[in-house]
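Asker: Okay, here's the prediction I keep looking at, along with the sequence it came from:
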Amino acid sequence: MFIQKQFTGLKPETTYQVQFDVELASNSPAGMMGIGGSPGESVYIKAGAVSHEPEVVSDSIDWLRIEIDKGNQASEGEDMINLGTFSNPNIDPETQTGDEYALMRLDNQYVPFQVTSDKEGNIWVIVGSDSGFEGATAVYYNSINITLTEENQ
């Protein structure tokens, strides 16, 4: 699952450092068991940016996929990095009923990420989840803040 937004008005063909700050609500404490993996530790929250609009395409078995290099689950791709997992440190696993959501924040403060704008000065930012957990996951994004800093400033 992912969301994307186009950023316009940047300098054409210019490299930017991208800082992601994502606040989301999760109902999954650490240490839970699940089908295919943990509902928290096996759901990775990723963020990235590219210089073209990402498209959704069908793969060889007709599953829908985003056509950028997002990596696979824990592994990062060229176009997206891991910010962390859906496991929420603000929820007590001893008292969790499954209905309790709590806010948590993820960022890439220590993981640099770069993108180069296209010839018109556009980029597309993507935030989403990449899951090994085989059950339903509901992700509620409270805020997504993106900071772009031109390289060599």
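Answerer: That came through, no problem.
Asker: C-alpha only now, for contacts and for neighbours.
Answerer: Noted.
Asker: Do I have it right that residue 67 meets residue 53?
Answerer: No - the criterion here is C-alpha atoms under 8 Å, and residue 67 misses it with residue 53 at 9.7 Å.
Asker: Bridged to the residue nearest the centre of the chain, which residues?
Answerer: Centroid check for the chain by C-alpha atoms, centre = their mean gives residue 46 as the closest residue, at 2.4 Å. When bridges are called by DSSP bridges, residue 46 pairs up with residue 82, residue 128.
Asker: where's the worst-scoring helix or strand of the chain on mean pLDDT relative to the chain centroid, distance-wise?
Answerer: Lowest on mean pLDDT, DSSP states H and E among the helices and strands of the chain sits strand 64-66, with a mean of 87. Relative to its chain's centre, strand 64-66 lies at 15 Å (C-alpha atoms, centre = their mean, to the nearest Å).
Asker: same question, stretch 87-94
Answerer: Its chain's C-alpha centre and that of stretch 87-94 lie 20 Å apart, by C-alpha atoms, centre = their mean.
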